[in-house]
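*Asks:* 3D, please:
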Amino acid sequence: MTSWKPPSWSQIPPPSQQWHLDELKNGNLIASHSLNNLLSSSSNNNRRCITFGRIDDPTQIDILTAHESCSRLHARIAFTASGAPYLKDLGS
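*Replies:* Numbers count the residues shown, from 1 in each chain. Below is the predicted model:
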């Protein structure tokens, strides 16, 4: 996965659009992740997408999930210039 590059069209969503990923377990909210903050943080190394899954490796995952239905490298979310989200299942 280290050779993966984000799509050339992916962008940080406009500030007027605030995106969150809510993590639920047994119907309860256990975490809410600001996708805008993750994309714009300096620790994200200017990546234009967000990867989530259960593997505890910050070089591969931006959001560590606790849900058993998520795989180790579960999915990536990228945004178009207009802020439309696209989800890619990583098939792991």
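*Asks:* And what about Ser16, helix, strand or coil?
*Replies:* Three-state call for Ser16 (DSSP: H, G, I helix; E, B strand; the rest coil): coil.
*Asks:* Count the neighbours of the nearest residue to it once chain neighbours are set aside for me.
*Replies:* Closest residue to Ser16 apart from its sequence neighbours, by C-beta to C-beta, 6 or more residues apart in numbering: Gly83 at 7.9 Å. For glycine as for every other residue, the C-beta is placed from the backbone atoms N, C-alpha and C. Gly83: 16 surrounding residues under other C-beta atoms under 10 Å.
*Asks:* Next up, the contacts around Gly83.
*Replies:* Residues near Gly83 by C-beta atoms under 8 Å, 6 or more residues apart in numbering: 13-14, 16-17, 19.
*Asks:* cool, Ala78 as well?
*Replies:* Contacts of Ala78 by C-beta under 8 Å, 6+ apart are 6-7, 10, 48-50, 85-86, 88.
*Asks:* tell me the SS of the most centrally placed residue in the chain?
*Replies:* When the chain is reduced to its mean C-alpha position, the nearest residue by C-alpha atoms, centre = their mean turns out to be Ile50, at 2.7 Å. Classification of Ile50 by three-state DSSP places it in strand.
*Asks:* my read: it touches Ile63, true?
*Replies:* Yes - the pair Ile50 / Ile63 is scored as a contact, 6.4 Å apart, by C-beta atoms under 8 Å.
*Asks:* Identify the contacts common to those two.
*Replies:* What both Ile50 and Ile63 touch, as defined by C-beta under 8 Å, 6+ apart, is the set 21, 38.
*Asks:* Where does pLDDT dip in the protein?
*Replies:* The chain contains residues with pLDDT under 70 at 1-4, 42-46.
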